[in-house]
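J.: Next input, structure requested:
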Amino acid sequence: MTTRQPNAETDLLPLVAQGDQHAVKACLDRYGSLVWSLARRMCRNTVDAEDAVQEIFVSIWKNADRFDPERGSEVTFVATIARRRLIDRVRRIGRRPAESTIDTGMPMVDTAEQAEAPALLRDEVAVARAALAELNDEQRRVLQMSIGLGLSHEKIAEATGIPLGTVKTHIRRGLIRVRGMIEDQRAQRARGAEA
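T.: Residues are numbered from 1 along each chain as shown. The predicted model follows:
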């Protein structure tokens, strides 16, 4: 077992895989807030979110040896494991996240309602996907990391090596483009309904 302190982000998970206790603590410190924010979005209450976070970190420890820096950053690896464990948890428990409040007092989105969304929402999702496809690779990746993985702008900048200001610009411009295409589609529908 090694005891050196991890210095670079890229060597943290290999040290965790070796059983380095300092690396385990550093991993908790570095990714705890990311994992918590993802768990809180998918779980019904604080207790479920806490249980999910524990399951996620156990999975990270067990799979740390599978991390390949050539395939992506550590933050992406951790977020992917977290997302997969949360989806597994929702399926295993047999329920979808429902509107509730967790510590922040803010309502959470009911994803079960999204699954039963009317054709309008499905059309808007298709338009949003088409808009994403029209973005350049860097903009699309940054927007997907923000929306799909729930990463903060800072974590995205850290994971991609893109300056923070550029990350914010990519996200803003991408959202404006997606929103504009959805609004155009709504306007076309409204004109079609009037005819």
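J.: Show me the residue sitting in the middle of the protein in space.
T.: L149 (1.3 Å; Cα atoms, centre = their mean).
J.: The residue lying closest to that residue once chain neighbours are set aside: neighbour count?
T.: Closest residue in space to L149, ignoring its immediate chain neighbours: A79 at 4.4 Å, by Cβ to Cβ, 6 or more residues apart in numbering. From N, CA and C alone the C-beta is placed, and that goes for glycine too. Neighbour count for A79, taken as other Cβ atoms under 10 Å: 25.
J.: how about A79, secondary structure?
T.: helix (DSSP: H, G, I helix; E, B strand; the rest coil).
J.: May I ask you to confirm that it is in contact with L34?
T.: Yes: checked against Cβ atoms under 8 Å, the pair A79 and L34 is within contact range at 6.4 Å.
J.: Now do the shared contacts for the two.
T.: Both A79 and L34 are in contact with G150, L151, where contact means Cβ atoms under 8 Å, 6 or more residues apart in numbering.
J.: Show me what the longest helix belonging to the chain is packed against.
T.: When the chain is parsed with DSSP state H, its longest helix is helix 164-194. When contacts are defined as 3 or more Cβ pairs under 8 Å, 6 or more residues apart in numbering; DSSP states H and E, helix 164-194 packs onto helix 119-134, helix 137-147, helix 153-160.
J.: burial of the nearest residue to S146 once chain neighbours are set aside, as a residue count?
T.: Spatial nearest neighbour of S146, excluding adjacent residues (Cβ to Cβ, 6+ apart): I171 at 5.3 Å. For I171, the neighbour count with other Cβ under 10 Å is 18.
J.: any idea how far I171 is from G161?
T.: 16 Å (Cβ to Cβ, to the nearest Å).
J.: got a list of contacts for stretch 63-71?
T.: T10, L13, P14, V16, A17, E74, F77, I81.
J.: contacting residues for the third one?
T.: Just to be clear, that refers to P14. P14 neighbours (Cβ under 8 Å, 6+ apart): A64, D65, F67.
J.: Which pLDDT value does the model give it?
T.: Per-residue pLDDT puts P14 at 90.
J.: State the distance from it to R30.
T.: Going from P14 to R30 by Cβ to Cβ gives 14 Å.
J.: Could you do I87 as well?
T.: 23 Å.
J.: Likewise for G192?
T.: From G192 to R30 the distance is 51 Å (Cβ to Cβ).
J.: still on that earlier bit, wait, which of the helices and strands packed on helix 164-194 is closest to L38?
T.: helix 153-160 (11.4 Å; Cβ to Cβ).
J.: Could you list every helix and strand in contact with that closest one?
T.: Contacts defined by 3+ Cβ pairs under 8 Å, 6+ apart place helix 153-160 against helix 74-93, helix 137-147, helix 164-194.
J.: can you state the direction angle for it and helix 137-147?
T.: Here helix 153-160 runs at an angle of 130 degrees relative to helix 137-147 (axes from the mean of the first three to the mean of the last three Cα atoms, to 10 degrees).
J.: From the rest of the structure, what touches helix 153-160?
T.: By Cβ under 8 Å, 6+ apart, helix 153-160 touches 9, 34, 72-76, 138, 141-142, 145-146, 151, 162-164, 166-168, 171.
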